[in-house]
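In: no FASTA, just this:
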């Protein structure tokens, strides 16, 4: 084969190879873009409930709503009282424990318009809450009926909660915040 014919054949082979490469490249790009469109359509169909090419403005602006909570605590130290009252018939024994501080977290801002700081508030009766904390129970006092003999009073005070329950005593427990309250937004 003459040299010129070889060059022409090589040139034709090169140009055919380039065209084939370009066609193949175009086909691959076309396949990718149609696949992307299909994925976008299926994503739109799942989140919006119907197949759309554009996400709706509602979808883009939906964000989880921030949860607002309110923390309630006494303003003055040692204003948290826990009163355990054991009852049996007409007799009762009270155990009083004073805490340095405490708080509860509620999901709605409380209406404390009728709150009496002198009387305080029974937190378990007045509020629904998931979180609470009482810090440093310091003072303890117990009140036993005076009509009982001293020996019986001492015996009852020495009994555990389980032993009191075994003897037929029932427990009522109250936790109270007294004095001015602090209500602050958290979260």
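Out: The structure has been received and is ready for your questions. For clarity, every value in this text was computed on a predicted model and none was experimentally measured.
In: can you spell out which helices and strands pack onto the host helix or strand of residue 183?
Out: Element membership of residue 183, judged by DSSP states H and E, is strand 181-186. Using 3 or more C-beta pairs under 8 Å, 6 or more residues apart in numbering; DSSP states H and E as the contact definition, the elements that strand 181-186 packs against are strand 69-74. Glycine gets a C-beta too; all of them are placed from N, C-alpha and C.
In: between strand 181-186 and the strand it packs on, find me the angle.
Out: Our comparison of strand 69-74 with strand 181-186, counting by axes from the mean of the first three to the mean of the last three C-alpha atoms, to 10 degrees, yields an angle of 160 degrees.
In: partners of strand 69-74, with directions?
Out: Using DSSP bridges, the strands paired with strand 69-74 in its sheet are strand 91-106 (antiparallel), strand 181-186 (antiparallel).
In: any idea which helix or strand comes after it?
Out: Once the chain leaves strand 69-74, the next helix or strand it forms, by DSSP H and E, is strand 80-88.
In: who does that next one touch, helix- and strand-wise?
Out: Looks like strand 80-88 contacts strand 91-106, strand 131-143, strand 170-177 (3+ C-beta pairs under 8 Å, 6+ apart).
In: those: lowest mean pLDDT?
Out: When these are ranked by mean pLDDT, strand 131-143 comes last with a mean of 82.
In: give me the sheet partners of it and which way each runs.
Out: Those paired with strand 131-143 in the sheet (DSSP bridges) are strand 91-106 (antiparallel).
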